[in-house]
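Peer 1: sequence first, predicted coordinates after that:
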Amino acid sequence: MLRNSETRFGLVTIVLHWTIGLLILGLLLLGFIMRRTGIDPALQFALYQWHKSFGFAALGLALIRAIWWLVERTPSPPASVSPLERKAARLTHDVLIVLGIVMPFTGWAVASASTLNIPSFFFNMIVIPHLPLARSETSENFWTFAHALLAYVTLALVAIHAAAALFHHFKRGDEVLTRMLRPGVRPVGAGSGGTSVRKRDDAAVGRK
Ligand code: HEM
Ligand code: HEM
């Protein structure tokens with residue numbers, strides 16, 4: 001139930017997936033909004049601080065997620081997923097896991113390299129120290145560019161990733177999406193492949 005089995009995602013993976021997913025989508029939106037010119041400066045400052053706080057939260061969760069992902073097995077894909085799709089999905093997931101860590105680090109680097117030297121608060125509770133980076137306009141511009149570039153890359157990958165999940169659900173009618181929505185969804189694979197998947201799954205349930 002908590003852990004992944006051979007064919008299902010457990011509760012820990014599912015909760016981490018959707019919490020981090022929502023945080024990243026929210027941070028992308030907030031990031032693009034707060035960068036708009038013409039916003040009231042006091043509101044803009046507050047939005048930057050919220051962005052940094054939620055960004056640090058995303059970083060903490062992404063690190064936990066990456067450790068969990070390294071120590072935990074990845075359920076094998078449903079029988080309906082072709083070998084090429086498996087490779088593409090695996091690559092996308094690997095890159096998203098890495099981006100979940102690198103993305104907030106580049107944001108942290110922007111705040112650290114800024115000549116304005118504004119402290120980063122974690123939800124007004126603690127001050128997060130700056131990274132040991134040179135504080136200059138060139139350095140700030142570089143990290144700002146890297147952070148924005150990775151934001152667009154993340155957005156593009158998430159769009160492809162979410163579209164693939166919806167395609168599987170509505171066009172293929174398989175359990176790719178449902179097994180990431182609730183733990184313990186039984187595979188619906190038909191034929192011998194489905195039967196063997198079910199057998200392996202029952203064995204996994206007995207073991208956990
Ligand atoms: C917005 C809508 C989203 C939908 C509908 C969605 C859907 C899914 C589904 C169905 C899976 C399981 C795929 C499989 O069985 O192999 C999955 C896995 C995954 N998703 Fe998402 N996802 C979304 C957003 C995100 C976001 C924003 C991120 C991170 C930036 C993300 C990162 C991942 C990763 C890393 C996995 C692999 C999980 C693992 O193997 O442990 N997803 N997603
Ligand atoms: C997954 C986490 C994060 C995401 C998805 C994200 C996303 C974004 C986006 C989309 C922008 C606007 C880019 C642009 O159009 O120029 C932005 C800007 C910014 N982010 Fe993040 N961010 C994250 C984490 C962080 C963290 C942890 C910090 C700092 C501690 C941070 C600090 C900043 C700053 C200072 C800017 C404004 C840069 C400028 O003035 O041009 N971000 N972020």
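Peer 2: Ah, there it is. Numbering: from 1, shown residues only. Ligands and ions are numbered 1, 2, ... in the order given.

Peer 1: now stretch 153-162: how far from the chain's centre is it?
Peer 2: Relative to the centre of its chain, stretch 153-162 is centred 10 Å away, using CA atoms, centre = their mean, to the nearest Å.

Peer 1: would you mark the buried spots in that stretch?
Peer 2: Using 16 or more other CB atoms under 10 Å as the test for burial, stretch 153-162 gives 154, 157, 158, 161. From N, CA and C alone the C-beta is placed, and that goes for glycine too.

Peer 1: that one vs ligand 1: in contact?
Peer 2: Yes. Stretch 153-162 is in contact with ligand 1 by CB under 6 Å from any ligand atom, via 158, 161, 162.

Peer 1: flag the shaky bits of the chain, pLDDT-wise.
Peer 2: Counting by pLDDT under 70, the ranges of the chain that qualify are 185-208.

Peer 1: just the strands in it please.
Peer 2: With strands called from DSSP state E, the chain shows them at 120-122, 126-128.

Peer 1: which ones among the residues of stretch 153-162 next to ligand 1 map onto helices?
Peer 2: Among the residues of stretch 153-162 next to ligand 1, the ones falling in helices (DSSP state H) are 158, 161, 162.

Peer 1: relative to residue 96, how far out is the last one?
Peer 2: If I follow you right, that is residue 162. Applying CB to CB, to the nearest Å, the value for residue 162 to residue 96 is 11 Å.

Peer 1: what does the first one give?
Peer 2: Distance check for residue 158 against residue 96: by CB to CB, it reads 7 Å.

Peer 1: so where do the helices sit in the protein?
Peer 2: Shown for the chain, the helices assigned by DSSP H span residues 11-34, 41-71, 83-113, 137-167, 178-181, 191-207.

Peer 1: of those helices, which approaches residue 122 most closely?
Peer 2: Relative to residue 122, the nearest member of these by CB to CB is helix 41-71, separated by 5.3 Å.
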